[in-house]
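1. got a sequence here, can you model it:
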Amino acid sequence: MMKELRIGNKIAKIPVIQGGMGVGISLANLAGAVANEGGVGIISTAQIGYREKDFYENPLKANLRAIRQEFQKARKISPDGIIGFNIMTALNHYKEQVIEAVKSGADKGSSRTISGKV
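-> The predicted structure is shown next:
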């Protein structure tokens, strides 16, 4: 028997973590559906704001806004499921994306500090 998968105070009914596939694959619909079925839904932040009107002029602003929007959409699909983010350290503005994901409400276990802040 497998050990239960705990993320913070939540338990995944099905111990499956959906991979964070970017660009444009692991967004709200997929992450919300996986979380709604009892797995862990993951939203990829790799160029997540590519559909925003201002993406080419201000990619950071577009990506941060899209992080919030995609999380809100996924949470509507799965109000009680476990939803998180895949944020690659190789991305520009990694720190800002982590902070935005946490502010958005991503489910998390223990916090990881980034330069002493988060």
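2. low pLDDT regions in this structure?
-> The model of the chain has pLDDT under 70 over residues 109-118.
3. so in it, which helix runs the longest?
-> Counting residues, the longest helix found in the chain (DSSP state H) is helix 59-77.
4. next one: that helix to chain centre, how far?
-> 9 Å (Cα atoms, centre = their mean, to the nearest Å).
5. ok, then the element right after it?
-> strand 82-86 (DSSP states H and E).
6. and the strands in the chain?
-> 5-7, 10-12, 40-44, 82-86 (DSSP state E).
7. now do the third one and helix 59-77, the angle between them.
-> Going back to what we said before, that points to strand 40-44. Using axes from the mean of the first three to the mean of the last three Cα atoms, to 10 degrees, the direction of strand 40-44 lies 160 degrees away from that of helix 59-77.
8. name the residues that touch strand 40-44?
-> Here strand 40-44 makes contact (Cβ atoms under 8 Å, 6 or more residues apart in numbering) with 5, 7, 12, 16-23, 25-28, 30-35, 67, 70-71, 74, 78, 81-86. No exception for glycine: its C-beta is placed from N, CA and C like everyone else's.
9. cheers, nothing more for now.
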